[in-house]
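Colleague: Coordinates for the following, if possible.
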Amino acid sequence: MIRNKNTLTPTIENAPGLVWRPHSKGWEARWQARTSLIKQGFVPKTKRLWVGETPTDDEAADVSRACQELQAAMLAFSQRSAQR
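Modeller: Numbering: from 1, shown residues only. Here you go, the predicted model:
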């Protein structure tokens, strides 16, 4: 974990596009698409993946897996857009 504004921000390995936001219940893990691809029409722009204090190992694995799937979909969209 890393220190952020005097609180511990959770970290999850192998989670491309993951951003953390403060939340009333602790932290919100949210996947975020690239701005340039959002402008080209990619959706979802963001997706909430988890909320709480500290994710368990199983929750962290789920978040990582979801980030990888969303990132792959975004990159596939990028490839299709480039072929047009």
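
Colleague: what about residue 39, distance to residue 45?
Modeller: To residue 45, residue 39 is 10 Å away according to Cβ to Cβ, to the nearest Å. Every C-beta, even on glycine, is put in place using the N, C-alpha and C of the backbone.

Colleague: So which of these two has more stuff around it?
Modeller: residue 45 (12 against 8; other Cβ atoms under 10 Å).

Colleague: okay, how far is it across stretch 34-48, tip to tip?
Modeller: Looking at stretch 34-48, the gap from its leading to its trailing residue is 15 Å under the measure Cα to Cα, to the nearest Å.

Colleague: Distance from the chain centre to it, please.
Modeller: Mean-position distance between stretch 34-48 and its chain equals 12 Å (Cα atoms, centre = their mean, to the nearest Å).

Colleague: Flag every buried residue along it.
Modeller: Buried positions in stretch 34-48, judged by neighbour count with 16 or more other Cβ atoms under 10 Å: 34, 37, 42.

Colleague: Going by distance to residue 52, which of those wins?
Modeller: residue 34 (26.4 Å; Cβ to Cβ).

Colleague: was I right about residue 52 contacting residue 26?
Modeller: Yes. If you go by Cβ atoms under 8 Å, residue 52 and residue 26 touch, sitting 5.2 Å apart.

Colleague: For the protein, which residue occupies the most central location?
Modeller: The C-alpha lying nearest the average C-alpha coordinate of the chain belongs to residue 31 (Cα atoms, centre = their mean; 2.1 Å).

Colleague: Just the pLDDT for it.
Modeller: On pLDDT, residue 31 comes in at 98.

Colleague: On the three-state scheme, it is what?
Modeller: When the structure is split into helix, strand and coil by DSSP: H, G, I helix; E, B strand; the rest coil, residue 31 lands in strand.

Colleague: what sits against it?
Modeller: Residue 31 makes contact with 15, 17, 18, 19, 46, 47, 49, 66, 67, 70, 71, according to Cβ atoms under 8 Å, 6 or more residues apart in numbering.

Colleague: are any of the residues you listed buried, and which?
Modeller: Applying 16+ other Cβ under 10 Å to the contacts of residue 31, the neighbour count classes 15, 17, 18, 49, 66, 67, 70, 71 as buried.
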